[in-house]
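Visitor: Sequence and predicted structure are below.
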Amino acid sequence: MASKSRLLVIGNGMAGARSIEEVLARGGGEIFDIAVFGEEPLGNYNRIMLSAVLEGLMDASAILLNPLPWYQERGILLRTGVRAERIFRYARHVVGSDGSEEPYDKLIIATGSLRLSHRSMGSPLRTAV
Ligand SMILES: Cc1cc2nc3c(=O)[nH]c(=O)nc-3n(C[C@H](O)[C@H](O)[C@H](O)COP(=O)(O)OP(=O)(O)OC[C@H]3O[C@@H](n4cnc5c(N)ncnc54)[C@H](O)[C@@H]3O)c2cc1C
């Protein structure tokens, strides 16, 4: 049996996690080994409900959409608390803020709405050959 391709997702927010759900729903689990860089420490949560948590109206656990076991049960490698720092496009791997390296065949960048001007100023994603 041929080995699986590597799908790497940068960003474990609503778009990133939803993309993974859709890939799996379409049988992508047979095709891909999946890994995720998620800068935040938890699984995916409903960011729209964040205000209610910050106001103390809801418990944080109530807005989790995909808690950590969800990833483990599906064999997904989730690097929580790790920011993807550099994309090496030709070598096809991404280096995280903890020095970890993840290879990819397909890459999804779902890092939300950080402005490009912010990115160009330093910390976030840079690409290198
Ligand atoms: C309080 C609040 C209320 C909202 N209400 C509504 C609403 O009523 N209706 C509506 O349509 N929208 C609403 N939104 C907006 C909605 O939450 C966003 O549109 C949605 O979360 C965008 O999803 P996303 O996955 O694209 O980005 P995000 O949710 O921003 O997720 C991006 C993720 O990527 C991570 N990330 C970024 N860079 C890196 C990196 N280099 N490496 C690793 N991880 C990285 C971030 O930490 C984050 O977890 C609201 C937002 C907030 C905060």
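Guide: Structure's in. What do you need?

Visitor: Whichever residue of the chain sits closest to the ligand: how many residues sit nearby?
Guide: Residue nearest to the ligand within the chain (C-beta to the nearest ligand atom): residue 13, separated by 1.9 Å. (C-beta placed from N, C-alpha, C; glycine too.) Around residue 13 there are 17 other residues, counting by other C-beta atoms under 10 Å.

Visitor: Check residue 2 too.
Guide: Residue 2: 5 neighbours (other C-beta under 10 Å).

Visitor: and if you look at residue 38?
Guide: Counted with other C-beta under 10 Å, the neighbours of residue 38 add up to 23.

Visitor: State the phi and psi torsions of the nearest residue to it once chain neighbours are set aside.
Guide: Spatially, and ignoring its direct neighbours in sequence, residue 38 is nearest to residue 12 (3.0 Å; C-beta to C-beta, 6 or more residues apart in numbering). Per-residue torsions, residue 12: phi -110, psi 40 (degrees, to the nearest 10).

Visitor: wait, residue 12 sits on residue 45?
Guide: No: judged on C-beta atoms under 8 Å, residue 12 makes no contact with residue 45 at a distance of 9.5 Å.
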